[in-house]
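J.: I'd like to go over a predicted model; first the sequence, then the structure.
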Amino acid sequence: MLPKHQRLNLKKDFKWVASGEKIETKFAKLFIKMGDNTNPRVGIAVSSGIFKKATERNRARRLISSAFESTVYHLPSTINIVALPKVGVLKVKSGDVLLDLESKLKNEKIID
């Protein structure tokens, strides 16, 4: 789990970031918006409409969270990201999610 100062916690923050740029990866939908924060902040929103069982929601959250834990130090300091996991994330290992996330962020020139 990311430290508290690197997480988005408030509903208004999630809505603010969701109004930003949208990027689709294989396993998640990302909303990205630059802000005036000093650390990159990440929020993960898991829908009970997509993931019916709590165990599925928790697993999806953990997979996306572990991918961001590995990449958060490469992100620009003013970035805010909200990640919405897709159903396909439950069928893969965490390494696959990490590779997909890193490759998409490199393609979009967000990380080097």
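T.: Right, received. Where do you want to start?

J.: What pLDDT is listed against the residue most central in space within the chain?
T.: For the chain, the residue nearest the mean C-alpha position is residue 83 (3.3 Å; CA atoms, centre = their mean). With respect to pLDDT, residue 83 scores 97.

J.: Who are the contact partners of it?
T.: For residue 83, the contact set (CB atoms under 8 Å, 6 or more residues apart in numbering) comprises 28-31, 42-45, 64, 68. C-beta coordinates here come from the backbone N, C-alpha and C atoms, glycine included.

J.: Residues in contact with the lengthiest helix in the chain: which ones?
T.: Counting residues, the longest helix found in the chain (DSSP state H) is helix 54-71. Under the contact criterion CB under 8 Å, 6+ apart, helix 54-71 has outside partners 1-2, 27-28, 42, 44, 46, 48, 51, 81, 83, 85, 89-90, 92, 94, 97-98, 100-102, 105, 111.

J.: Same check on stretch 26-42?
T.: 2, 5-8, 13, 16-24, 63-64, 68, 72, 75-86, 88-89, 92, 96-97, 100-101, 104, 110.

J.: Please repeat the previous calculation with a cut-off of 7 Å.
T.: 2, 5-8, 16-18, 20-23, 64, 68, 72, 75-86, 88-89, 92, 97, 100 (CB atoms under 7 Å, 6 or more residues apart in numbering).

J.: which ones among the residues you listed are found in helices?
T.: Checked against DSSP H, the contacts of stretch 26-42 include these in helices: 16-18, 64, 68, 97, 100.

J.: tally of neighbours for residue 42?
T.: Other residues within reach of residue 42, judged by other CB atoms under 10 Å, total 24.

J.: returning to what we had before: name only those of the contacts of helix 54-71 that count as buried.
T.: 2, 27-28, 42, 44, 46, 51, 81, 83, 85, 89, 94, 97-98, 100-102, 105, 111 (16 or more other CB atoms under 10 Å).
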